[in-house]
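Peer 1: model this:
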Amino acid sequence: MVEKIVTVWNRAGIHARPAAMIAQTANKFKAEILIERNSVTVNAKSIMGVITLAAGYNTQMKVCAEGEDEQAAVDAMYMLFEKKFEED
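Peer 2: All right, here's what the predicted structure looks like:
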């Protein structure tokens, strides 16, 4: 299992568009990808699951992946957050 802490850097937080980007990216990988915030864990491949995290600006979350392409999956998720979902 690979884990990495990510931070929401875009001012609007995780709303529909970033949630869709997360799910689309996660679905490119075979690994199971989970996002955890405040003891709530959701499947990163689910747009609705990601939205329920209600993650605003500067929120830290943990991305975990397990499977054959787990490192690539976590790296891709990390880059989405670092690029601010191409919003800023």
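Peer 1: tell me which element the residue of the chain most remote from its centre falls in.
Peer 2: In the chain, the greatest distance from the average C-alpha position (C-alpha atoms, centre = their mean) is reached by residue 68, at 18.3 Å. Assessed by DSSP states H and E, residue 68 sits outside every helix and strand.
Peer 1: and it, how far is that from residue 58?
Peer 2: In this view, residue 68 and residue 58 are 33 Å apart by C-beta to C-beta, to the nearest Å. For the C-beta atoms, the positions are set from N, CA and C on the backbone; glycine is no exception.
Peer 1: One more: residue 38?
Peer 2: For residue 38 relative to residue 58 (C-beta to C-beta), the value is 14 Å.
Peer 1: swap in residue 73?
Peer 2: Taking C-beta to C-beta as the measure, residue 73 falls 24 Å from residue 58.
Peer 1: which stretches of the chain form helices?
Peer 2: Taking DSSP state H, the helices of the chain run over residues 16-26, 47-51, 70-82.
Peer 1: okay if I get the ones you listed as TSV plus mean pLDDT?
Peer 2: Below are the helices of the chain laid out as TSV (pLDDT from 0 to 100):
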stretch	mean pLDDT
helix 16-26	97
helix 47-51	97
helix 70-82	98
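Peer 1: Please tabulate these in a markdown table, including the columns mean neighbour count and distance to residue 7.
Peer 2: Below are the helices of the chain laid out as a markdown table (neighbours: other C-beta atoms under 10 Å; distance: least, C-beta to C-beta, whole Å):
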| stretch | mean neighbour count | distance to residue 7 |
| --- | --- | --- |
| helix 16-26 | 18 | 13 |
| helix 47-51 | 18 | 15 |
| helix 70-82 | 17 | 6 |
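Peer 1: Looking at these, which is nearest to residue 5?
Peer 2: Residue 5 sits nearest to helix 70-82 of all these, at 9.0 Å, using C-beta to C-beta.
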